[in-house]
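S.K.: fold the stuff below for me.
(one chain, ligands or ions: 1)
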Amino acid sequence: MAAILLASVIPAAVTAPPLQAPPLREPLQELRIGAAAAVDAPHAAPLVVIDPGHSGKYIRSRDKKTGLRDIDYPNYPEIYETFDIGSCVAKALKADGYRVILTKKHALDSVSLAARARIANRNKAALAISIHNDHGVGFKFQAAYDQRGLKGPNGRYHAMYRGSGSHRTVFHHPTVAKQSQRYAGIIAAERSKAQRRKVSVAQNSFAGRPPLEPGNLAMVQLLATVPWVYNEMGARTGRSIYQATTITSEARYARGLIAGVEAAIPFASRAERMSDASLRHCLTNRVEPKPGQYTRPRAYLPLGY
Ligand SMILES: [Zn+2]
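M.R.: Numbering: from 1, shown residues only. A predicted model of the protein is given here:
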């Protein structure tokens, strides 16, 4: 797909460059994580972009192409937990031969939502996944969101969009939307098995959440030209929304994501190399700035530390 059909209302004076710019090598190198990055997987390996939720600083910008408000914020302890999960999912996928790029190098990096989408677009990711959890709801809530959405009462798909008025921007990549729907189904099924909870393919809602733009699709998915599955895990563990989740729930979420990605875009052997013990070890030790040395406040350390 050569062009992105976003808002039909982009002012004529704005000459938006094509979203799929030539692949940039520098971000790819910069954003690869870990020592294993020095050894490149064969080029034929599918590229997976992993997007751990939220930014270290409050971001309130405007996407130049669409005029949409691009807003993100630190969310504790989610920002630490999802970064650890993303890092360990990346490590496991690399061990299985995939190429992987994280949208952040460090847990508290600030990267706008448009910039996250660009990383996946420029590198032509086979699949991008966002990893979030929600401490406002319990473990019964488990969701995977795709770019096609759910059929309405009339049995038809409706517009996937963000914004209102002149900024209303609709996702117009039908092939990508279908792929993303298929991948979300596969990831939801694998997550359901690993997490022992029903994970539903659902449709997001940003209605009544100002200053977030209204709509039904995460900004990263809207601005993407590649299939993108946005994952949420209910993570409320106690009375407080600041109570960190358990390593066990992190490990199950991670295992479900690894299995889901590998089932969605199969490559080489389906046997996952990283054992459950290694995954737990990764989650308890792969915390910045180096293994075993934690930068997060104690209160945000997962249960079991
Ligand atoms: Zn989140």
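
S.K.: rest of the way, CA atoms for contacts and neighbours
M.R.: Fine.

S.K.: now do the contacts for residue 228.
M.R.: If you count contacts by Cα atoms under 8 Å, 6 or more residues apart in numbering, residue 228 has them with 127-130, 146-147, 180, 221.

S.K.: kindly report the same for residue 174.
M.R.: residue 148.

S.K.: quick check: pLDDT value at it.
M.R.: Residue 174 carries a pLDDT value of 97.

S.K.: give me the low-pLDDT residue ranges for the stretch 1-150 of the chain?
M.R.: Counting by pLDDT under 70, the low-confidence segments of the stretch 1-150 of the chain come to 1-43.

S.K.: quick one: the helices in it?
M.R.: Listed in chain order, the helices of the stretch 1-150 of the chain (DSSP state H, counting those that start in this stretch) span 25-31, 78-95, 113-122.

S.K.: let me have those helices in a markdown table, extended by mean neighbour count and distance to residue 228.
M.R.: Putting the helices of the stretch 1-150 of the chain into a markdown table (neighbours: other Cα atoms under 10 Å; distance: least, Cα to Cα, whole Å) gives the following:
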| stretch | mean neighbour count | distance to residue 228 |
| --- | --- | --- |
| helix 25-31 | 13 | 18 |
| helix 78-95 | 25 | 15 |
| helix 113-122 | 23 | 9 |
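
S.K.: for the residue nearest the centre of the chain, what are its contacts?
M.R.: The centre of the chain sits closest to residue 130, judged by Cα atoms, centre = their mean, with a distance of 0.8 Å. Contact analysis of residue 130 by Cα under 8 Å, 6+ apart lists 50-53, 228-231.

S.K.: again, 10 Å this time
M.R.: Counting by Cα atoms under 10 Å, 6 or more residues apart in numbering, residue 130 touches 49-54, 82, 86, 102-103, 116, 144-145, 218, 220-221, 228-232.

S.K.: please name the bridge partners of it.
M.R.: residue 51, residue 230 (DSSP bridges).

S.K.: next one: it from residue 299, what distance?
M.R.: According to Cα to Cα, to the nearest Å, residue 130 stands 25 Å off from residue 299.

S.K.: could you point out the longest helix in the chain?
M.R.: Ranked by number of residues, the top helix in the chain under DSSP state H is helix 174-195.

S.K.: tell me which residues in that one are buried?
M.R.: If you call a residue buried by 16 or more other Cα atoms under 10 Å, then helix 174-195 has these buried ones: 176-195.

S.K.: read off the pLDDT value for residue 286.
M.R.: So, for residue 286, pLDDT stands at 62.

S.K.: over to residue 304?
M.R.: pLDDT, residue 304: 64.

S.K.: quick one: the strands in the stretch 101-250 of the chain?
M.R.: 127-131, 142-145, 161-162, 169-170, 200-202, 228-233 (DSSP state E, counting those that start in this stretch).

S.K.: go ahead and confirm residue 50 touches residue 87.
M.R.: Yes - counting by Cα atoms under 10 Å, residue 50 touches residue 87, with 8.4 Å between them.

S.K.: what's near enough to touch the closest residue to residue 120 other than its chain neighbours?
M.R.: Closest residue to residue 120 apart from its sequence neighbours, by Cα to Cα, 6 or more residues apart in numbering: residue 49 at 6.0 Å. Neighbour list for residue 49: 86, 90, 99-103, 116-117, 119-121, 123-130, 228 [criterion: Cα under 10 Å, 6+ apart].

S.K.: likewise residue 250?
M.R.: So residue 250 contacts 81-82, 84-85, 133, 195, 233, 235, 256, 279-280, 283-284, 302 (Cα under 10 Å, 6+ apart).

S.K.: between these, which is nearest residue 112?
M.R.: Closest to residue 112 out of the contacts of residue 250 is residue 82 (16.5 Å), distances taken as Cα to Cα.
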